[in-house]
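J.: just the structure for this:
(one chain, ligands or ions: 1)
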Amino acid sequence: MPKDIMTIRQDNSDRERRKKYPIRCIECGRKEVFPAVIRQTIQRNHDGRIYDLVIDDLPVAKCRNCGEVSYALDSDDRIIAVLRKQLCLLTPEQIRANLAALKLNQKEAAVALGVAPETLSRWLSGGLVQSRAMDNLMRAFFALEDVRNGFMRADMRGRFGVIGAGKRRRAV
Ligand SMILES: [Zn+2]
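T.: Take a look at the predicted model:
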C-alpha cells in the first residue's frame with residue numbers, strides 16, 4: 001500500500017539523519033561529536049577589511065569528550081548574517097522586498113545595477129555579502145526614482161550624473 005511505503009521511507013530518512021551524529025572526533029578519536037551552539041568571536045575579512053564578529057549563537061559540531069569544536073554546515077550562514085547586521089548592510093529579505101515593491105525581476109535589477117544576475121542571485125540567497133559601495137548603490141536605486149530612471153532609461157544613457165548634460169539637452 002502506498003501509505004505504508006511512505007511511512008517506511010520517512011522512517012528510513014529519519015534514521016539516516018540520526019546516523020549523521022555523533023561523528024568521530026578528529027582530536028580524541030571518540031565518536032562523541034554532536035551539534036552544539038556556542039558563543040564565539042570570529043574575525044572575518046570583508047571588502048578589504050577585517051571585522052571582529054561576536055556571535056552569540058553559532059551552530060557548530062562539538063565533541064562531548066574533549067571539547068573540540070569544528071564548523072558545521074550552517075556555521076557560515078550564521079557568520080554571514082551577523083556580518084551583514086554589524087555592517088548595517090541590506091539583508092536578502094530587504095533586497096527582495098524592495099524588488100517586489102518596485103515590480104522588478106532579478107534580471108532587470110541586475111542589468112540596471114550593472115552586476116551579473118548571478119551576483120544579485122547570490123546576494124539574495126545570502127551566500128555573498130555585497131560591498132559597502134554596492135549597498136549604497138542599491139539603497140539609492142531603491143529609494144530614488146531619478147536614480148532608477150538614470151540607470152534604466154535609454155535616453156539617459158551617458159547623461160545621468162554628468163552635470164550640465166541635462167541642461168544642454170533641454171536647450172537643443
Ligand atoms: Zn574529542
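J.: name the SS class of Phe151, please.
T.: helix (DSSP: H, G, I helix; E, B strand; the rest coil).
J.: quick one, what contacts it?
T.: Shown in contact with Phe151 (CB atoms under 8 Å, 6 or more residues apart in numbering): Ala112, Leu113, Gly114, Phe141, Phe160. Just so you know, the C-beta spots here come from the backbone N, C-alpha and C atoms, and that holds for glycine as well.
J.: looking at those residues, which are in helices?
T.: Ala112, Leu113, Phe141 (DSSP state H).
J.: if we can go back for a sec, can you say which two of the contacts of Phe151 are spatially most distant?
T.: The two members of those with the most space between them (CB to CB) are Leu113 and Phe160, at 13.6 Å.
J.: roughly how far apart are the nearest residue to Glu68 once chain neighbours are set aside and Asn149?
T.: In this structure, Glu68 finds its nearest non-sequential neighbour in Glu27, 3.9 Å apart by CB to CB, 6 or more residues apart in numbering. Per CB to CB, to the nearest Å, Glu27 is found 59 Å from Asn149.
J.: Arg96 now?
T.: 22 Å.
J.: okay, the ones in helices among the contacts of Phe151 in TSV with neighbour count, distance to the ion and pLDDT next?
T.: Shown next, in TSV, are the ones in helices among the contacts of Phe151 (neighbours: other CB atoms under 10 Å; distance: CB to the ion, whole Å; pLDDT from 0 to 100):
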residue	neighbour count	distance to the ion	pLDDT
Ala112	16	52	95
Leu113	17	47	96
Phe141	20	50	98
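J.: which non-adjacent residue is nearest the residue nearest in space to the middle of the chain?
T.: Against the mean C-alpha coordinate of the chain, by CA atoms, centre = their mean, the closest residue is Gly126 at 1.5 Å. Using CB to CB, 6+ apart and skipping the chain neighbours, the partner closest in space to Gly126 is Pro92 (4.9 Å).
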